[in-house]
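Undergrad: Here is my input, please return the structure:
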Amino acid sequence: MILILNGPNLNLLGVREPDIYGSVTLHGLEERCSRWAESLGLRVESRQSNHEGDLIDWLHAAEADGADGVILNAAGLTHTSVALRDAIAAVNVPVIEVHLSNTQAREEFRQRSLIAPVCRGSIAGFGVHSYHAALLMFAADR
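TA: Numbering: from 1, shown residues only. Sure, this is the predicted structure:
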């Protein structure tokens with residue numbers, strides 16, 4: 001099972017700044033990820049929280065919950081959370097960082113990821129297809 005974790009404000013997908021984040025809702029993204037995963041012989045479980053502690057707790061429990069990998073869109077916490085970075089470094093499950101927008105082409109503060117150095121890799125700028133690419137990477141490892 002691949003655990004998909006979405007952070008703060010991603011519950012507003014499709015409404016919040018669609019010119020940057022696209023028009024697909026969180027529910028639509030989760031449905032697409034399920035279909036993509038099924039076509040790759042994978043299963044996904046998706047969760048979203050606006051609270052840093054929830055994301056940390058879910059990362060800590062990922063291995064015990066049967067996750068073979070985590071796709072994490074930490075949203076704004078990507079650039080600010082040492083605690084989230086430490087949680088990723090502490091777990092034995094590989095984590096792929098994803099972003100809908102190209103963070104390198106945005107504001108300077110968004111160009112620095114605190115979590116990237118402890119993630120297996122980072123995929124950004126391809127809208128919902130960033131998630132598809134991460135699923136492809138996990139499928140290739142099987």
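
Undergrad: From now on I want contacts and neighbour counts done on CA atoms only, so please keep to that.
TA: Fine.

Undergrad: Go ahead and confirm N73 touches E97.
TA: Yes - the criterion here is C-alpha atoms under 8 Å, and N73 meets it with E97 at 5.9 Å.

Undergrad: can you give me the helices in this protein?
TA: All helices of the chain, identified by DSSP state H, fall at 18-21, 26-39, 52-61, 82-90, 129-140.

Undergrad: measure H132 to E38 for me?
TA: 12 Å (C-alpha to C-alpha, to the nearest Å).

Undergrad: So which of these two has more stuff around it?
TA: Set side by side, H132 and E38 show unequal neighbour counts under other C-alpha atoms under 10 Å, the larger going to H132 at 19 against 12.

Undergrad: The worst-scoring helix or strand of the chain on mean pLDDT: which residues count as buried?
TA: Every helix and strand in the chain was compared by mean pLDDT, DSSP states H and E; the lowest is helix 18-21, with a mean of 80. If you call a residue buried by 16 or more other C-alpha atoms under 10 Å, then helix 18-21 has these buried ones: Y21.

Undergrad: A64 - how many residues pack around it?
TA: As a burial measure, A64 scores 8 neighbours (other C-alpha under 10 Å).

Undergrad: Kindly report the same for G41.
TA: For G41, which is what you asked about, the neighbour count (other C-alpha under 10 Å) is 11.

Undergrad: ok, for it, nearest residue in space, not its chain neighbours?
TA: The shortest distance from G41 to any non-neighbouring residue, by C-alpha to C-alpha, 6 or more residues apart in numbering, is to A139 (7.6 Å).

Undergrad: OK, contacts around that neighbour?
TA: Taking C-alpha atoms under 8 Å, 6 or more residues apart in numbering, we find A139 in contact with L40, G41, L42.

Undergrad: if you set the cut-off to 10 Å instead, what comes out?
TA: Remark: with contacts taken as C-alpha atoms under 10 Å, 6 or more residues apart in numbering, A139 is in contact with I2, A37, L40, G41, L42, A133.

Undergrad: Looking at these, state which has the most neighbours.
TA: I2 (23 neighbours).

Undergrad: What residues are bridge-paired with the residue lying closest to S46 once chain neighbours are set aside?
TA: Spatially, and ignoring its direct neighbours in sequence, S46 is nearest to I4 (4.6 Å; C-alpha to C-alpha, 6+ apart). With DSSP bridges applied, I4 shows beta-bridge pairing to S46, I71.
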